[in-house]
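Q: Structural data only, the sequence is not supplied:
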């Protein structure tokens, strides 16, 4: 059973993931960034994943068989389990509890595509819809307080499988980083009477120098205090605290901004490794209406080292103004469908 | 000029390090972990670093020439500058200030040694003394509030030079991670009347299962809520808030525990990449006497990915109890001096 353990000094829970249990001998090959050649996520290999939770598929096709375009399955090596008790126990100075939670994988294409930007906008819309569906379904389990949707692309960013996918980890706490954002947004409202992200949007649109893309409902920009070179934030223009309240029009606009932002990133720096995280309001507790949800795209061109791990502060060698300008000027390169289909066979 | 920029939502300052300024074209070679062949840190190459700040050297030898055993120089590509104004300015919703601070490199050996554990205990004592000297000297600049001493070993952990060295970044704020530890320790004192780290030490010595090494003045153990496989904390047994108050006896005992802990780590997993960070009380402000200083050793066998960057929580696939047992049972391998001297010539 995995276990949640709390740091006795700060508010930091750690998952001791015994299902992934590794002993010293398992670490012989360190960070060689190996990518599996056999793809469990490709259409036709459905039996190689745990049984599907949900899929968007052709009418008449059967669960765990071909005919789908987005598919959600439990993680084969889950960091957390839905079984267990969300009761915190003490052992002397320490606190721990069962590793309660959910860990799912969203397979974002039936084809062996690597980057989200290589998909059509329509397909990106489908991915956003399935994120929403899972968010709405998982919150029915009232033990769960936060649903962390994220995406790792490239081995340096933690992706162990190449086939384009995102993940979702639902946990019984509000994560510390989200709690700090909630408190920061509340404090700003108390001081200035407005939402900090709404104000940021206004300033970015006015100043333009950090703006990357905008349309009716979304904006993408290089944050003023970017931690990473080419960091990008994407946020709805109107104040919305819960990602799952996204409208049909918003999904269309988000698909465009997200796909284009990643396309520009991947065109600017080939094979750029990156993480995407969704920060939204917690669930199953008082509604945090002051929260303004957003996506953070964190390219992994620098190394998180001693200074960052010791302080929580970051050193970024590329100013967001230079990054935004480069991204604005970058023409997105889209792969040609036909050519791509041919390359797939090398992997499956 | 480098610039400090504050995230408008959370209490996170970022250094936009323009001296290290990188444009998109500078990122062509991504994370290939290249190590420079020409070593600027070896004895005899003193003119290749900025002028030395301090060195422990043979009497009669001259600054910036051979004859030293530990040597501190400014970082050639500093993230921060001592010039500038520590005055916070506003630009709309954002805050920023000059990139005030100090960024120094501690060259830990005149020879081309890679691991701190490959040094003698006596030499590790000298490194600890010079850390203390720099900490005492830098706090004379009352703008500086925190002195972050850290060490990156291995390219995966952010080391760009192989020759054993540590770094120091002195900053005009108390870093968020340290502030949280201070608050956590204060809260614990308020609730239980004792220091949380003192209580942890008592429990670790009693339970033994996470203990690695202990002597009269120091203890090293795998923390109960280890974020990383084989994470190790080292802390003085008696309550001490300021690292710079370390005594001669304590330096001897710390040198033994630090060198042996790293030796066990490097013997258990060959070429293990790791970061070491020193958490101690801030300077030039109210003394945080509730703080208990400690070293955190973070091996980098797992990847910090979307979940970690989104939540601030970690997934650790190796329980600290298994890690501590493996480390206790590991016999440290020390290199043979003669053999080592011969290998040096390959690098210089």
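A: Structure received. None of the values given here were measured: they were computed from a predicted structure.

Q: Which elements pack onto the longest helix seen in chain A?
A: Identified as the longest helix of chain A according to DSSP state H is helix A:248-268. In terms of contacts (3 or more Cβ pairs under 8 Å, 6 or more residues apart in numbering or on different chains; DSSP states H and E), helix A:248-268 is packed against helix A:121-138, strand A:211-214, strand A:218-221, strand A:232-236, strand A:294-299, helix A:320-329. Heads up, the C-betas are built off the backbone N, CA and C, glycines and all.

Q: repeat that for 10 Å
A: For helix A:248-268, the packing partners by 3 or more Cβ pairs under 10 Å, 6 or more residues apart in numbering or on different chains; DSSP states H and E come out as helix A:121-138, strand A:146-153, strand A:211-214, strand A:218-221, strand A:232-236, strand A:274-279, strand A:294-299, helix A:320-329.

Q: Please spell out which residues along stretch A:76-87 are buried.
A: A:78, A:79, A:80, A:81, A:82, A:84, A:86 (16 or more other Cβ atoms under 10 Å in any protein chain shown).

Q: typo on my end, it should be stretch A:239-251
A: Those buried within stretch A:239-251 under the rule 16+ other Cβ under 10 Å are A:239, A:240, A:241, A:242, A:243, A:244, A:246, A:250, A:251.

Q: just stretch A:277-286 next, same as before
A: A:277, A:278, A:279, A:280, A:281, A:282, A:283.

Q: returning to what we had before: intersect the buried residues of stretch A:76-87 with the contacts of chain B.
A: Checking the buried residues of stretch A:76-87 against chain B by Cβ under 10 Å from any Cβ of the partner chain, the ones in range are A:79, A:80.

Q: closest to residue B:130 among the buried residues of stretch A:76-87?
A: The shortest approach to residue B:130 among those belongs to residue A:79, at 41.3 Å (Cβ to Cβ).

Q: Could you report the pLDDT at the closest one?
A: pLDDT, residue A:79: 91.

Q: shouldn't it be in contact with residue A:101?
A: Yes: the pair formed by residue A:79 and residue A:101 meets the contact definition of Cβ atoms under 10 Å, at 7.5 Å.

Q: shared neighbours of those two, anything?
A: A:2, A:15, A:169, A:171 (Cβ atoms under 10 Å, 6 or more residues apart in numbering or on different chains).

Q: which of those residues are close to chain B?
A: A:2, A:15, A:169, A:171.

Q: I'd like those written out as CSV, with distance to residue A:220, pLDDT and secondary structure added.
A: Formatted as CSV, those follow (distance: Cβ to Cβ, whole Å; pLDDT from 0 to 100; DSSP: H, G, I helix; E, B strand; the rest coil):
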residue, distance to residue A:220, pLDDT, secondary structure
A:2, 35, 93, coil
A:15, 31, 96, strand
A:169, 24, 98, strand
A:171, 27, 97, strand
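
Q: Setting the sequence-adjacent residues aside, check what's closest to the most far-flung residue of chain A relative to its centre.
A: Relative to the centre of chain A, the most outlying C-alpha is that of residue A:92, 35.7 Å out, by Cα atoms, centre = their mean. Of all residues not flanking residue A:92 in the chain, residue B:203 sits nearest, at 4.4 Å (Cβ to Cβ, 6 or more residues apart in numbering or on different chains).

Q: tell me the mean pLDDT over stretch A:147-160?
A: Rounded mean pLDDT across stretch A:147-160 is 96.

Q: list the buried ones in it?
A: Quick answer for stretch A:147-160 (16+ other Cβ under 10 Å): A:147-159.

Q: which residue is nearest the centroid of chain A?
A: In chain A, the residue lying closest to the centroid (Cα atoms, centre = their mean) is residue A:150, at 1.6 Å.

Q: Check the gap between the residue lying closest to that residue once chain neighbours are set aside and residue B:96 for me.
A: Spatial nearest neighbour of residue A:150, excluding adjacent residues (Cβ to Cβ, 6+ apart): residue B:306 at 3.0 Å. For residue B:306, the distance to residue B:96 (Cβ to Cβ, to the nearest Å) stands at 28 Å.

Q: Looking at these two now, which is surrounded by more residues?
A: The neighbour comparison of residue B:306 against residue B:96 (other Cβ atoms under 10 Å in any protein chain shown) goes to residue B:306, with 27 against 18.
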